[in-house]
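**Student:** make a model of this:
(chains A and B)
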Amino acid sequence: MSAEALELPPSSLPGPGFGGPHGTGVVALRLAVVTAGYGSRVALEEISFEVDRGSLLAVIGPNGAGKSTLLRVLAGLLRPIAGQVQVFGAPAGANARRIAYMPQSELVDWEFPVSAGDVVMMGRYPRLGIGRGPGREDHERVRQALATVGMAHACDRQIGTLSGGQRRRIFLARALAADPDLYLLDEPVTGVDATTQEDLMDVLEAEARAGKTVVATTHDLLCAAERFQEALLLNRRIVAHGPANLVRDQELLARTYGGHVLVLPGRAGELLAIDDAHHDQPPPGERHVRPAAEP
Amino acid sequence: MDLAGLLFDPFSFAFMRLGLAAALMVGVVCAVMGSFVVLKGLAFIGDAVSHAALPGLVVAYLVGAPLYLGAGVAAVATALAIGAVSRRGGLRFDTAVGVLFAGTFALGIVLFSTIRGYTTDLLSYLLGYVLGIGPGDLVQVAILGGLVLGTVLVLRKELLFATFDPAGAAASGLPVAFLEYLLLGLLGVTIVISIQAVGIILVVAMLVTPPATAQLLVVRFNRMITLAAAIAAISAVVGLYLSFYLNVASGAAIVLVETLAFLVALLLGPRTGFRRRRAAADPSVITRPSSVP
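**Tutor:** Numbers count the residues shown, from 1 in each chain, chains lettered A, B, ... in the order given. Have a look, this model is predicted:
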C-alpha cells in the first residue's frame, strides 16, 4: 500500500503534548529520507522523522514492517542504502557508548553458560576497556540495575533457567547498567505477563523522565497507547507519527496493518489487539476493520 | 612392575616427554578456542579449516618452505574466507563451507599424490603423530599456542559479549566484525599447531569434545573454559599412557579418552544424565528447561 505519511504538526495534536511531558525540544534522533534493507530487499523506504530527548516512543507495525530494521539503523548496525541518520548530532554508530540495544528474545542463545549477573555486567564491558576487569563501581551498578528490575535474587541463576518475563527484565537491567542516553529496545514487552509489562514500563518511564530517550518496538497496541508518549506507525514507510493515542485511530491502524486488525471491547473505551494470525473466521464478538480506500 | 614404574617408565623416553608436553599444550589451547567454537556453533567450520590446511602443507613441502607456514597460511586464509562468505549470505552457509572444505582437501590430496611414495607421509598428516614431535616443533607449538591463549585472555570480556549477543555488543561500540575475524584467525592457528599431534581428521574432536563435556557440567563461561582445559589435559595424559602400553595410535587414543569423558558426563551429568529426575527435585541443583516457558 502506498500510504502517505501523516505527520501532524505538534500544535494540532490532541491529548498529551507531542514529544510527551518530558519532551525537551532538543532533538536526539533525526532521520532524513532513510531507505534501508538487506541485499536487494528494501525494508524501510524514505523514512523521515525526529525524536526529542526524553521521548518515550513506541514503534508499531505488522511483521515485516521494518521495525527491527529501524532499530538496527539507529544502533548503527545496518548502514542505510540512502538518507541520513543522526543520533545526538552525529552519524549513527558514532556514539555507540551512549546507546543500549536490546535484541529480540528469539535471537538470543538461552543455553549460553552465563548467569543473569554476567549478562547485566556485559552492559559495563564497553566502558571498561581492553584487558580491564570490572571494579567495585561496576559491581555496584550491576547490583542496582538488578534491583531496579526486581531481579536482585536471580544474580547467580543461569540465564536460560529464567522465565521469558524474567529474561526481559535481565536484558533491561543490562541496558540500565550501561547508563545510556538512548535505549533501543526490540519488543521489550512481547510475551511477558501483565505485571512484568507494568514493571518494565515503569522503569522506562522513569528513564524518559530523567531525560533518556527510549525507542521500543511493540505489538501491544494497548501498551503503546497507555504507557508510551509517542507512536510511530510503520509499514515500510511511515504511516503516522504523533502522540501515543494515535494507535487508537482505527483508520490509521487499518492503513498500518493492511486490514488485519481486531478491535475488542475493553475496559477504557476499547481494547485494541492485532490479528497476526490471518484466520478466516473471526471468533464471535470480534469485527475486522477494513482498510480505507486508497486515495 | 609396581605402580610407580607403570606411571613413570613411559616418560623415561625423550619422545614420550616431548609428546606429553605437546599433547598437553595442544589439548589446552584447543579446549579454550573450542569453547568459543562450541558456543558459536563453529564445529563444522573447524573441521573445514583443518582439512583446508592440507594443500598448504603440501605446497610448503614441495617448495621446501616450513610446513607450519604453509599450513598456517592455508588454514587462516580459509577461516577468513569462511567469515567473509558468512557475512555475504546468498548460499546456505553450511553448503558453502561444505563445498570449500571438500574442494581444498581434494586439492591437497591431488598435490600430495604427485610426491613419490606419498602414502605413509599422508597418513601421518591425516592422523597425526604426537610422539614424532621434535624439540623445534615443540617450541613452535609453545609460541603459537601462547599467542592464542594470551589473545583470548586479554580479550575475554569482549569475545564473550560478542559471542553471546553480537548485535548488542556491536551497538554498544565493540568491534564485533573484527573480533569475529580474529576468532577465526586464532582458530586457524590453533588447528595448525594441532595437526601434528592429532592429525587433520581428528582436530575437530580436540576442539569440540572437551568444551561440550564441560558445558554439560557447568553453567558459567569461565568455569566451562577451565573445566574444558582440565578435561583436555587429563585426556592427553591418559591417552598417551594407553598409547604406550597398548601400542595404539596416540592422537586417536587421546580423542577416544575425551569422547569417553563426554559420554560419562552425558550419562551422569546434572542436566542430561540418569540422575536428572532426582536433581530436578533438588532446588540446590541448577537445571535448565529445554523449552521457553
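
**Student:** for chain B, what are the nearby residues on chain A?
**Tutor:** A:39, A:72, A:75-77, A:96-97, A:99-103, A:107-115, A:118-119, A:122-123, A:125-126, A:128, A:130-131, A:133, A:157-158, A:160-161, A:163-164, A:174, A:178, A:184 (Cβ under 8 Å from any Cβ of the partner chain). The way it works is simple: take the backbone N, C-alpha and C, and place the C-beta from them, glycine included.

**Student:** hmm, which of those residues are the buried ones?
**Tutor:** With burial judged by 16 or more other Cβ atoms under 10 Å in any protein chain shown, the buried subset of the residues of chain A next to chain B is A:72, A:75-77, A:96, A:99-103, A:108, A:110, A:112-115, A:118-119, A:122-123, A:125-126, A:157-158, A:160-161, A:164, A:174, A:178, A:184.

**Student:** one step back: filter the residues of chain A next to chain B down to the ones in helices?
**Tutor:** Counted as lying in helices by DSSP state H, out of the residues of chain A next to chain B, are A:72, A:118, A:119, A:122, A:125, A:126, A:128, A:164, A:174.

**Student:** and the strands in chain A, which stretches?
**Tutor:** A:6-7, A:27-38, A:41-52, A:56-60, A:82-87, A:90-91, A:99-102, A:182-186, A:213-218, A:230-235, A:237-243, A:261-265, A:270-274, A:287-288 (DSSP state E).

**Student:** compile those strands into a markdown table and extend it with columns for distance to residue B:161.
**Tutor:** Shown next, in a markdown table, are those (distance: least, Cβ to Cβ, whole Å):
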| stretch | distance to residue B:161 |
| --- | --- |
| strand A:6-7 | 38 |
| strand A:27-38 | 24 |
| strand A:41-52 | 26 |
| strand A:56-60 | 25 |
| strand A:82-87 | 21 |
| strand A:90-91 | 23 |
| strand A:99-102 | 12 |
| strand A:182-186 | 17 |
| strand A:213-218 | 22 |
| strand A:230-235 | 29 |
| strand A:237-243 | 33 |
| strand A:261-265 | 39 |
| strand A:270-274 | 34 |
| strand A:287-288 | 45 |
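
**Student:** check those for me: which has the lowest mean pLDDT.
**Tutor:** Per-segment mean pLDDT for the strands of chain A reaches its minimum on strand A:287-288, at a mean of 41.

**Student:** where does chain A have its least confident helix or strand?
**Tutor:** The helix or strand of chain A with the poorest confidence is strand A:287-288; it has a mean of 41 (mean pLDDT, DSSP states H and E).

**Student:** now do the contacts for residue B:144.
**Tutor:** Residue B:144 makes contact with B:68, B:189, B:192, B:193, according to Cβ atoms under 8 Å, 6 or more residues apart in numbering or on different chains.

**Student:** and if we set it to 10 Å?
**Tutor:** With contacts defined as Cβ atoms under 10 Å, 6 or more residues apart in numbering or on different chains, residue B:144 is in contact with B:25, B:29, B:68, B:72, B:186, B:189, B:190, B:192, B:193.

**Student:** could you work out the most separated pair of these?
**Tutor:** B:25 and B:72 (16.4 Å; Cβ to Cβ).

**Student:** the longest helix in chain B is where?
**Tutor:** helix B:176-217.

**Student:** for it, give the mean pLDDT please.
**Tutor:** Regarding helix B:176-217, the rounded mean pLDDT is 91.

**Student:** just stretch B:91-102 next, same as before
**Tutor:** 80.

**Student:** what's across from the residue in the stretch 151-295 of chain A positioned nearest to chain B in the sheet?
**Tutor:** Residue of the stretch 151-295 of chain A nearest chain B, by Cβ to the nearest Cβ: residue A:158 (4.0 Å). Going by DSSP bridges, residue A:158 is paired in beta bridges with residue A:115.

**Student:** residues touching it, list them.
**Tutor:** With Cβ under 10 Å, 6+ apart, residue A:158 has these contacts: A:110-116, A:118, B:218-220, B:271, B:286-288.

**Student:** surely residue B:114 touches residue B:107?
**Tutor:** No. Using Cβ atoms under 10 Å, residue B:114 is not in contact with residue B:107, being 11.5 Å away.

**Student:** got any residues that touch both of those two?
**Tutor:** By Cβ under 10 Å, 6+ apart, residue B:114 and residue B:107 have these common neighbours: residue B:58.

**Student:** what sits against the residue most central in space within chain B?
**Tutor:** The residue lying closest to the centre of chain B (Cα atoms, centre = their mean) is residue B:207, at 2.5 Å. The neighbourhood of residue B:207, defined by Cβ under 10 Å, 6+ apart, consists of B:29-38, B:42-43, B:45-47, B:49-50, B:187, B:190-191, B:194, B:228, B:232.

**Student:** so which of the residues you listed are in helices?
**Tutor:** B:29-38, B:43, B:45-47, B:49-50, B:187, B:190-191, B:194, B:228, B:232.

**Student:** list the helices and strands the lengthiest helix in chain A packs on?
**Tutor:** For chain A, the helix that runs over the most residues, judged by DSSP H, is helix A:194-209. Under the contact criterion of 3 or more Cβ pairs under 10 Å, 6 or more residues apart in numbering or on different chains; DSSP states H and E, helix A:194-209 touches strand A:56-60, helix A:136-148, helix A:164-177, strand A:182-186, strand A:213-218, helix A:221-227.

**Student:** could you rerun that using 7 Å?
**Tutor:** strand A:56-60, helix A:164-177, strand A:213-218, helix A:221-227 (3 or more Cβ pairs under 7 Å, 6 or more residues apart in numbering or on different chains; DSSP states H and E).

**Student:** tell me how far it lies from the chain's centre.
**Tutor:** Put simply, helix A:194-209 sits 12 Å off its chain's centre (Cα atoms, centre = their mean, to the nearest Å).

**Student:** what are the buried residues along that helix?
**Tutor:** A:196, A:197, A:199, A:200, A:201, A:203, A:204, A:205, A:207, A:208.

**Student:** and if you look at stretch B:32-42?
**Tutor:** Buried residues in stretch B:32-42 (16+ other Cβ under 10 Å): B:32, B:33, B:34, B:35, B:36, B:37, B:38, B:39, B:40, B:42.

**Student:** find the nearest non-adjacent residue to the second one, please.
**Tutor:** Same thing as residue B:33. Leaving aside its chain neighbours, residue B:33 sits nearest to residue B:190 (4.5 Å; criterion: Cβ to Cβ, 6 or more residues apart in numbering or on different chains).

**Student:** in the sheet, who's paired with the residue in the stretch 101-250 of chain A that chain B sits nearest to?
**Tutor:** Distances between the stretch 101-250 of chain A and chain B by Cβ to the nearest Cβ are smallest at residue A:101, namely 3.4 Å. Bridge pairing for residue A:101 (DSSP bridges) gives the partners residue A:184.

**Student:** residue contacts, it?
**Tutor:** The contact partners of residue A:101, by Cβ atoms under 7 Å, 6 or more residues apart in numbering or on different chains, come to A:75, A:184, B:167, B:168, B:171, B:172.

**Student:** hmm, 8 Å instead?
**Tutor:** Counting by Cβ under 8 Å, 6+ apart, residue A:101 has contacts A:71, A:75, A:77, A:175, A:184, A:185, A:186, B:167, B:168, B:171, B:172.
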